[in-house]
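Asks: quick one, fold the following:
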Amino acid sequence: METSRQLRPQALLTISLEDYFHVGTFGSLIPRGQWYRFESRVEQGVARTLDLLDEQEARATVFVLGIVAERFPELVRAVRARGHEVASKGYQHRLIQDLPPAALADDLQRAREAIEGATGEPVTGCRISGWLTPRDAWALDVLADQGYWYDSSMRPFLRSHAGLPATRRPHVHCADSMRAIWEIPVSSLSLLGCDLPLGGGNWMRQLPQTVVRHGIAHLAQDETPVVLYFHSWELDPDQPRLDGASRLARWRHYRNLHRMPDRLRHHLRRYECGSIAGWLAAQTAPHAPPVPTRAVGPRRLSVQAAAGGPALVPPARSLPRLAVSVVIPCFNEAHALPYLANTLQRLESSLGSAYDLRFIVVDDGSTDATLVRSRALFAHWANLTVVRHDRNRGQAAAILTGALASTTEIVCTMECDSRFDPHELARMIPRLRTGVHLVVASPYHPDGAVRNVPRWQRALTTSLAFCYRRVLRHPLHCYTTSFRVYRRRALLALHVRRGGPVGVTEMLARLDLAGGTIVEHPVTLDAQIFGRTSPRIARSLAGHLGLLAELAWHRLRGTRVSGTRAVLPRAAALDGGVR
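Replies: Residues are numbered from 1 along each chain as shown. Below you'll find the model as predicted:
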């Protein structure tokens, strides 16, 4: 048995330890500042990866993101304890194309501090996010200056290494006479003058296995070992589906995840897999593995601020906290509830010193596991209440139910998967000053922004805004968003006839024509991440046109909108302590 193992071709196995939402495929959909909202699955992926490697008695180099090492140091220690080399993947998964030299050096230093803080051992290897080409030699100079022994960030693809055959194999890059670094490229098969990186990742999942296996077998005939790679999230087929991504992105990311373990087993059985550092140690290297000597000073930024998260300065603690209710309607949102829980936790952490936040989750007659999962997930939240409709009554009806269940004069509303940054409430609530009944978020405001939203949705929203401006008193840029801050008594004084999304606009319209004061607040609207909304344009238009006709009739008659239960309370009496 031992003899047969020694006869196997040698391979260098490299693994990227990262979460499913860190990948560049979703980079345009998920800003780094929103990573905290997502349910982390890194532990599940790493556990399956380590078990597979133990099963096949394989060793690997594991490239770890610095932010993962900071949040899960025990996970990084477990990787090292199981006999694998721990190397750096950078700190924030920022692509090399987006990093000038100074920013790259800072990113590498922060990653090293985090990883070495977890393992207690020096980090000598690196893989930069975003594959390098020979034109990116400056990045290798930065790595050499940082004291790294080797890099494995090159993946020859098509003609990226044309005319430079030596760069397709492990080689030494000399920055100058005093600095050198090994470059260990991912193996690629040359075909008709083009390089195909069959050594793992998306290629191993997408291409026919006959092609991949024969290609890697051909590469293994070379005198240098074949370099394979995959990502820890590729062994987690149960990860959440981000439906807001493009069809191509979802195809690239999710296809054949359930087949990946068996495909990897074939290669782990066929090849003697080891780490890059182990292979380099056996070579006649031009210099010994360096031991980093840079001083590791304290970082001034928190993990959240460094990741682009909201940096809010809370009011002085001497001020009394203002009680605020946050209503979140949910309909068949079981898959998004962990995302919601992370969002609310961060919101409470950021705003809790200024506001006494009380959350009300309204299950609007869901037919999936929303009610069960929400009660289980929020069972120990003292400041969160789950309310249920016996049937689906629509978003507007759910908001009114939440307002009725609240006990505070200020009521905020947001969506379960919150396409707006809820930390904007820190700026919206103070705008509910004396004389104001409603603050509405508006991504179409000149100071707002819209990202990755379908054109049909943008066109519909702006067209409706044009129409509503003709019949309402307040000339807003958007009338349809549900991210708002209400005065509770003003909201409950309105009789809203429509229960669905059009009813959300009806709330604003009836408040407008009943004499209320509305303030528009610019925000950024992101694409829907979980689930896919069916573009029922005709049905939505019919509902809005009916509402517009009703509002126009009352406006022409010069009367208040019918259906108000009472005249709006005086805003001065509803100040509620908002300054």
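
Asks: can I take it that Ala552 is in a strand?
Replies: No - assigned with DSSP: H, G, I helix; E, B strand; the rest coil, Ala552 falls outside any strand and is helix.

Asks: check contacts around Pro443.
Replies: Pro443 sits next to 420, 449-450, 478, 481, 522-525 when contact means Cβ atoms under 8 Å, 6 or more residues apart in numbering. Placement of C-beta: from N, CA and C, glycine included.

Asks: name the nearest residue to it, sequence neighbours excluded.
Replies: Leu525 (3.5 Å; Cβ to Cβ, 6 or more residues apart in numbering).

Asks: tell me who's in contact with that neighbour.
Replies: 419-420, 443, 448-451, 453, 481.

Asks: for Arg433, see how far away it is.
Replies: 25 Å (Cβ to Cβ, to the nearest Å).

Asks: equivalent analysis for Leu242, please.
Replies: 39 Å.

Asks: burial count for Tyr229?
Replies: Using other Cβ atoms under 10 Å, Tyr229 is surrounded by 23 other residues.

Asks: and the strand or helix carrying it, what does it pack against?
Replies: Using DSSP states H and E, Tyr229 sits within strand 226-231. For strand 226-231, the packing partners by 3 or more Cβ pairs under 8 Å, 6 or more residues apart in numbering; DSSP states H and E come out as strand 10-17, helix 201-206, helix 209-219, helix 260-270.

Asks: please pull out the lowest mean pLDDT helix or strand from the chain.
Replies: Across the helices and strands of the chain, mean pLDDT, DSSP states H and E gives its lowest value to helix 303-306, namely a mean of 38.

Asks: contacts for the helix or strand hosting Leu400 next, please.
Replies: Take DSSP H and E as the rule and Leu400 turns out to sit in helix 395-405. Contacts to helix 395-405, defined as Cβ under 8 Å, 6+ apart, come from residues 325, 327-331, 360, 362, 364, 385, 387, 389, 393, 411, 413, 482, 486, 488, 491-492, 496, 498-504, 506-507.

Asks: most neighbours of all the contacts of Leu525, which one?
Replies: Of all the contacts of Leu525, the highest neighbour tally under other Cβ under 10 Å goes to Thr481, namely 25 neighbours.

Asks: tell me the contacts of the closest residue to that one other than its chain neighbours?
Replies: In space, and not counting its chain neighbours, Thr481 is closest to Ala441: 5.1 Å by Cβ to Cβ, 6+ apart. Contacts for Ala441 (Cβ under 8 Å, 6+ apart) come out as 420, 424, 428, 478, 481, 483-484, 521-523.

Asks: quick check: buried residues in stretch 17-35?
Replies: Neighbour-count burial for stretch 17-35, with 16 or more other Cβ atoms under 10 Å as criterion, is recorded at 17-23, 25-27, 29-30, 32-35.

Asks: would you put the C-alpha positions of it in CSV?
Replies: What follows is stretch 17-35, C-alpha atoms only, in CSV (Å, rounded to 0.1, in the frame of the first residue of the first chain):
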residue,chain,number,x,y,z
LEU,A,17,-11.0,29.5,2.8
GLU,A,18,-13.8,32.0,2.3
ASP,A,19,-17.6,32.3,2.5
TYR,A,20,-20.0,32.0,-0.4
PHE,A,21,-20.8,35.7,-0.4
HIS,A,22,-17.1,36.7,-0.5
VAL,A,23,-16.6,35.6,-4.0
GLY,A,24,-16.0,38.0,-6.9
THR,A,25,-18.9,36.5,-8.8
PHE,A,26,-21.2,38.4,-6.4
GLY,A,27,-19.1,41.4,-6.0
SER,A,28,-21.4,43.8,-8.0
LEU,A,29,-24.4,42.5,-6.1
ILE,A,30,-23.1,42.5,-2.5
PRO,A,31,-21.0,45.5,-1.3
ARG,A,32,-18.4,44.6,1.3
GLY,A,33,-20.2,46.8,3.8
GLN,A,34,-23.2,44.4,3.6
TRP,A,35,-21.3,41.2,4.3
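
Asks: okay, buried residues for stretch 411-427 please.
Replies: The neighbour-count check on stretch 411-427 (16+ other Cβ under 10 Å) flags 411-426 as buried.

Asks: lowest-confidence entry in the residues you listed?
Replies: Lowest pLDDT within the buried residues of stretch 411-427 is found at Ser418 (78).

Asks: so what's that one up against?
Replies: By Cβ under 8 Å, 6+ apart, Ser418 lies in contact with 37, 340, 343, 483.

Asks: give me phi/psi at it?
Replies: phi 30, psi 90 (degrees, to the nearest 10).

Asks: again with Gly24
Replies: phi -60, psi -20.

Asks: go ahead and confirm it touches Ser129.
Replies: Yes - between Gly24 and Ser129 there is a contact under Cβ atoms under 8 Å: 6.9 Å.

Asks: all strands of the stretch 151-300 of the chain, in order?
Replies: In the stretch 151-300 of the chain, the strands defined using DSSP state E, counting those that start in this stretch lie at 171-176, 179-183, 189-191, 194-196, 226-231, 272-274.

Asks: tell me which of those strands sits most buried.
Replies: strand 226-231 (a mean of 24; mean count of other Cβ atoms under 10 Å).

Asks: quick one: mean pLDDT over it.
Replies: 94.

Asks: just give me how far it sits from the chain centre.
Replies: 25 Å (Cα atoms, centre = their mean, to the nearest Å).

Asks: same deal with stretch 146-163?
Replies: Put simply, stretch 146-163 sits 28 Å off its chain's centre (Cα atoms, centre = their mean).

Asks: stretch 543-561 now?
Replies: With Cα atoms, centre = their mean as the basis, stretch 543-561 stands 42 Å off its chain's centre.

Asks: touching that stretch from outside, list them.
Replies: Residues contacting stretch 543-561 (Cβ under 8 Å, 6+ apart): 464, 467-468, 470-472, 498, 500-502, 505-506, 509-510, 513-515, 562.

Asks: of these, keep whichever come out buried.
Replies: Buried members of those, scored by 16+ other Cβ under 10 Å, are 464, 467-468, 471-472, 498, 500-502, 505-506, 509-510, 513-514.

Asks: now, among the residues you listed, which is nearest to Leu12?
Replies: In terms of Cβ to Cβ, no member of these lies closer to Leu12 than Pro501, at 53.9 Å.

Asks: any figure for the gap between that closest one and Val439?
Replies: Pro501 is 19 Å from Val439, by Cβ to Cβ.

Asks: picking that back up, mind giving me the ChimeraX select for the contacts of Ser418, buried ones only?
Replies: Only the buried entries of the contacts of Ser418 go into this ChimeraX selection, using 16+ other Cβ under 10 Å:
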select :37,340,343,483
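
Asks: let me know the closest of the contacts of Ser418 to Ser374.
Replies: Proximity to Ser374 was ranked across the contacts of Ser418 by Cβ to Cβ; first place goes to Leu340, at 8.5 Å.

Asks: good, wrapping up.
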